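Undergrad: Everything below, folded, please.
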Amino acid sequence: QVQLVESGGGLVQAGGSLRLSCAASGRAFSRNTMGWFRQAPGKEREFVAGITWNSAGTRYADSVKGRFTISRDNAKNTVYLQMNSLNPEDTAVYYCATDLGRSLIPSTRISQYDYWGQGTQVTVSS
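TA: This next block holds a predicted model:
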C-alpha cells in the first residue's frame, strides 16, 4: 500500500512559477518510478513528467519540456515538480503517481501507475 499526498498548488499569474511536492508513505518509495500527470476541465488526464527510482532517467511531455523539472529526494520520500514560465494552458489538477516497477524509462501510460494522490489544483491566470 502506498499513500501519496500532493501539495504546492495554487493561483499564479502567467509567467510565474510553482513547485509541487508529493509526499509518499508505504511501500519502498525509493525503489519506485514516480510520475506527474494533470487533468484540465473537460480533458483527459495526461502525462507531464516522470523520474526513475534513482533519478537517472527523466521524461517530459513535449508541452512542458524546458519549463518543468521533476526531481526526487528519496531520503524524504518526496518527489517534486518545479514549474516555470507557466501559462493558462497549464491550468489543471496535478496528480502524482507511483509505478511499482523499476522502469528504465518512466512510462507515459496511466495504466502503468499503481497508486495515485488526490491531486492539487494549479490555476494560471492570464
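
Undergrad: in the protein, which residue is closest to the centre?
TA: Trp36 (2.1 Å; CA atoms, centre = their mean).

Undergrad: Show me the beta-bridge partners of it.
TA: Ala49, Cys96 (DSSP bridges).

Undergrad: got the contact list for it?
TA: 20, 22, 47-50, 70, 79, 81, 94-97 (CB atoms under 8 Å, 6 or more residues apart in numbering). Bear in mind the C-beta positions are built from the backbone N, C-alpha and C, glycine included.

Undergrad: One more: Ala49?
TA: Neighbouring residues of Ala49 by CB under 8 Å, 6+ apart: Gly35, Trp36, Thr58, Arg59, Tyr60, Ala61, Val64, Phe68, Thr69, Ile70, Leu81, Pro106.

Undergrad: same thing with Ile70?
TA: Met34, Trp36, Ala49, Gly50, Ile51, Thr58, Tyr60, Val79, Tyr80, Leu81, Gln82.

Undergrad: pretty sure Val5 contacts Leu20?
TA: No - Val5 is not in contact with Leu20 according to CB atoms under 8 Å; the separation is 11.2 Å.

Undergrad: wait, what's in contact with the closest residue to Arg67 other than its chain neighbours?
TA: Among residues not flanking Arg67 along the chain, Ser85 sits closest, at 4.7 Å (CB to CB, 6 or more residues apart in numbering). Counting by CB under 8 Å, 6+ apart, Ser85 touches Gly15, Ser17, Arg67.

Undergrad: Among those residues, which one sits closest to Ile110?
TA: Arg67 (22.0 Å; CB to CB).

Undergrad: What residues does the closest residue to Ser107 other than its chain neighbours make contact with?
TA: Excluding the flanking residues, the one nearest Ser107 by CB to CB, 6+ apart is Asp99, at 6.3 Å. Taking CB under 8 Å, 6+ apart, we find Asp99 in contact with Asn32, Thr33, Met34, Gly35, Gly50, Pro106, Ser107, Gln112, Tyr113, Asp114.

Undergrad: Let's see that with 7 Å instead.
TA: Asn32, Thr33, Gly35, Ser107, Gln112, Tyr113, Asp114 (CB atoms under 7 Å, 6 or more residues apart in numbering).
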